[in-house]
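Asks: mind folding the following:
(chains A and B)
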2 protein chains.
Amino acid sequence: MPASTEKKIAKEDSETKKVKKKECHRPRDSLFSWSSGFGDFNGFMNWGFLLLFMGGVRLLLENLIKYGIRVDPEQWLIVLTGRQEGGPEHPSIILLIYSIVPVTISLTVERGLSKHVISSRTGLLAHIGNLVVMISVPMIVIYVKSSGFSLIGASSVCFLYSILFLKMWSYVQVNYWCRSRLVQNSKGHMRRQSMSYTKMSNGAVHSSLDGKTDKEDDGGNLVQYPDNLTFKDMMYFICAPTLCYELNFPRTDRIRKRFLLKRLFEVLLLLQVMMSLFQQWIIPSVKNSLIPFSNMDVAKATERLLKLSIPNHLVWLIFFYLMFHSSLNLVGELMHFADRNFYSDWWNANNIDVFWRTWNMPAHKWAVRHLYIPLVGRGYSKTVASGMVFFISAFFHEYLVSVPLRTFKIWAFLGMMGQIPLSIFCKWVEDRFGPRWGNIIVWASLILGQPLCIMMYYHDYVITHFGESLLDRYGRV
Amino acid sequence: MPASTEKKIAKEDSETKKVKKKECHRPRDSLFSWSSGFGDFNGFMNWGFLLLFMGGVRLLLENLIKYGIRVDPEQWLIVLTGRQEGGPEHPSIILLIYSIVPVTISLTVERGLSKHVISSRTGLLAHIGNLVVMISVPMIVIYVKSSGFSLIGASSVCFLYSILFLKMWSYVQVNYWCRSRLVQNSKGHMRRQSMSYTKMSNGAVHSSLDGKTDKEDDGGNLVQYPDNLTFKDMMYFICAPTLCYELNFPRTDRIRKRFLLKRLFEVLLLLQVMMSLFQQWIIPSVKNSLIPFSNMDVAKATERLLKLSIPNHLVWLIFFYLMFHSSLNLVGELMHFADRNFYSDWWNANNIDVFWRTWNMPAHKWAVRHLYIPLVGRGYSKTVASGMVFFISAFFHEYLVSVPLRTFKIWAFLGMMGQIPLSIFCKWVEDRFGPRWGNIIVWASLILGQPLCIMMYYHDYVITHFGESLLDRYGRV
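Replies: Prediction:
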């Protein structure tokens, strides 16, 4: 046995490092233990997005293996022009051209009102009649001449008439405000005149910071009522990417060629991508989902719904970008329209009503300016005013879906009205679990809500137009 | 026509706000335009994880619909105990018990060496012989008595013998270092004795901060060579969750009951989850992938690979947590072992070699302490030393896969050796595209590399054991 002194180990200096290495253990906690205080899990974010990407690639491959290539440009042309059912009549093109009539009526009535040829009561009735007829025309024509319309043709008509309805409403209301002000002016509040004019100018100068206002004004910078009541001004408003009429829109002073070309390229590319996804992915998925939905097979229907939700959500995201960034910016650039606030950061919305306030800014601005504030101004409570906004919104969602499909179900309407309880639920989740979970609920409702509506409409569409027999044939139990 | 003065609009103060509302447009850019300077896209992170979660739920549903419930606890027991093939012999249990023999030989040789009964040359040869025999025994026995081993039984034996091999290597080397130091000490470097002892104590005091060192030492705090050469000390090292031997391990002073119960619960739960995933998801997926792999059908094989990669990766993640957090912490807690550094933050690794240095800390520590530093100390270059580490690592990966499967292919070996070029590629990607992309490459190689290896082994296993006829029967073209 070595002596006790031998136990004391002597080392060379060069060996100190070696001993350090040899003592390779020291007390410490594992990183996943709370007591370690470790919190850097950034790598898992890359992991998440990589898995998502791989999942996408796999779904693409699976789709190609299962269905082959379904993209067929010829088919697009047939669908787009409506040739397959239309014959030589093309009622959708006639309806698109006819839309000039209610617009002209609106302008004529406004001119009459401004020159005191028509009384304000008659004018109001004329406008209401004109608007009601305008929104009803596509419904009636598509119902009567249903065989003449392709789905895309009917959708375009409904879309255009909805937009014109909102634009005309705005046009009439703004001109009414201008007349009211003139009346108040003539009643004699002259002492405030110069002051208020300064205020007005400030706003206008602010608006024209980014460009000159090149209206057909007689020398002055700003167009004043009733000089705005021209066909040219009306046409500018119809084409401008906004639903809210103003006498003096902010303008840009030049068209950026590069910007224009980029947006044009995006529009052309994304349209192809959207239509390809539709043909390749959504149509087969929707067809496959019909039987489980009809059979009320919960597991299969949920699986189908989740499977459908991915391409549907992708198409919706592309549609959003195509519509609200590419197209509206393209039109804005061409029209020298300077306000490009077509969408806000809805992707960060913690509540579904924040989403509705931010994803479609033209519609939101219209709803606030022409519906919410006037209603509140007339003494209605804010809740009633918000409810009214949702109601009108629900009406137009239903209009844009039901009329082209010719299935007068109320799924879209109910879907929109369902946003009100959903918003209360979001609020509760946000208060209880924090804003991140509110945001997740918003995304979940977007990703799952739409395919659910699509399935319901498709199911009812098939049953209405092809009858129960089709379902029976394909294996209803 | 109203007079020119009438164009100047007079307003009530209450109307100023109204006018503000009416001017709803001002020049601004869309958020997706670069010029807007907007960059808050946090909502898309929630979107990504929500899609991932939904994709997971869908895959789960799809799997259940396609295969029904495949989880069968009875089957586990059969697989675990190896009853289905074993008969009454249970060679894997005999081998597990036999492992005590090489351990005892190691201890006996070390005792002989410390008492100068055996010369150091004889001792070295005896150790090498013992280690080579130890690592060969499972190979030979499993090859000879192949019918007696279940896959799990054979895997456990190989796993235990690999770990014992590394532990014994460490044990022998540390004792060799201690002897060398004693020899140097007896040669007379006594003047440094007290100084170096202080250094030694500092390290030890640091180690015992979290607990007392309760070794069977005669009064002193630290065990000194050769008092460590006891069967009890050896058994502690065999059971301790580390591969690196030390005379004085850092110890905890008490067993935290709550912590122990949590880890125990995790082990029990995650074992069930892993086995369920195996039966339910991986086995059907692997079986389905055989034909496309055999036919070299690239699109289908890729789709299968991507589909297999998800459950495989999930099982690997669970395995990692189960092994390196739950089990090792459980053992550590029971053994009063204070160093819980079983893994580092490999999920943030920007290069594959960082991953290999961080995901399995016991093996990494062993490789640095007992292979890399000794090799560098003997004058080999760092590249050669690193290469050697990868080579030994590749050998054990191959050993752990090939021996239980009895298919002596070299996919695992090549997979490990392939990490060297992959690491160079990672470095290039990181330099070129930033650390995030390095991390993504690491994740991609983890997620895709494993299922690729699994498929290759399974394919070769089926061909070796069931012949080409099986493939032909199942539709090889």
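Asks: how far away is the nearest residue to residue A:95 once chain neighbours are set aside from residue B:407?
Replies: Excluding its sequence neighbours, the residue lying closest to residue A:95 (CB to CB, 6 or more residues apart in numbering or on different chains) is residue A:157, at 4.7 Å. The way it works is simple: take the backbone N, C-alpha and C, and place the C-beta from them, glycine included. Separation of residue A:157 from residue B:407 (CB to CB, to the nearest Å): 67 Å.
Asks: now the helices: where do they sit in the stretch 151-300 of chain A?
Replies: A:151-186, A:193-207, A:231-239, A:257-277, A:283-295, A:298-320 (DSSP state H, counting those that start in this stretch).
Asks: residue A:65 is nearest to which of the ones you listed?
Replies: helix A:283-295 (12.3 Å; CB to CB).
Asks: contact partners of stretch A:61-71?
Replies: Applying CB atoms under 8 Å, 6 or more residues apart in numbering or on different chains, the contact partners of stretch A:61-71 are A:275-276, A:279-281, A:283-284, B:299-300, B:302-303, B:306-307.
Asks: same question but for stretch A:117-136, I mixed them up
Replies: Contacts for stretch A:117-136 (CB under 8 Å, 6+ apart): A:99, A:102, A:105-106, A:109-110, A:112-113, A:161-162, A:164-165, A:168-169, A:172, A:179, A:399.
Asks: now with 10 Å, please.
Replies: Residues outside stretch A:117-136 that contact it (CB atoms under 10 Å, 6 or more residues apart in numbering or on different chains): A:98-99, A:101-106, A:108-114, A:140, A:158, A:161-162, A:164-166, A:168-169, A:171-173, A:175-176, A:179-180, A:183, A:395-396, A:399, A:403.
Asks: and the contacts of stretch A:61-71 as a markdown table, adding distance to residue A:425, pLDDT and neighbour count?
Replies: Shown next, in a markdown table, are the contacts of stretch A:61-71 (distance: CB to CB, whole Å; pLDDT from 0 to 100; neighbours: other CB atoms under 10 Å in any protein chain shown):
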| residue | distance to residue A:425 | pLDDT | neighbour count |
| --- | --- | --- | --- |
| A:275 | 35 | 85 | 18 |
| A:276 | 36 | 85 | 17 |
| A:279 | 36 | 82 | 19 |
| A:280 | 35 | 83 | 20 |
| A:281 | 31 | 82 | 23 |
| A:283 | 33 | 82 | 15 |
| A:284 | 33 | 83 | 16 |
| B:299 | 43 | 81 | 12 |
| B:300 | 43 | 81 | 18 |
| B:302 | 41 | 84 | 16 |
| B:303 | 38 | 84 | 23 |
| B:306 | 36 | 85 | 21 |
| B:307 | 35 | 82 | 23 |
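Asks: ok so, going back, and residue A:157 and residue B:407? which has more neighbours close in?
Replies: Set residue A:157 next to residue B:407 and count neighbours by other CB atoms under 10 Å in any protein chain shown: residue A:157 wins out with 26 against 19.
Asks: quick one on the thing from earlier: comparing the helices of the stretch 151-300 of chain A, which yields the minimum mean pLDDT?
Replies: Note on these: helix A:193-207 shows the lowest mean pLDDT, a mean of 38.
Asks: give me the below-cutoff pLDDT ranges for the stretch 51-200 of chain A.
Replies: Within the stretch 51-200 of chain A, the segments meeting pLDDT under 70 span A:78-89, A:188-200.
Asks: so which strand or helix has residue A:102?
Replies: If you go by DSSP states H and E, residue A:102 is part of helix A:100-114.
Asks: ok, and does that helix reach over to chain B?
Replies: Yes: under the criterion of CB under 10 Å from any CB of the partner chain, helix A:100-114 makes contact with chain B via residue A:114.
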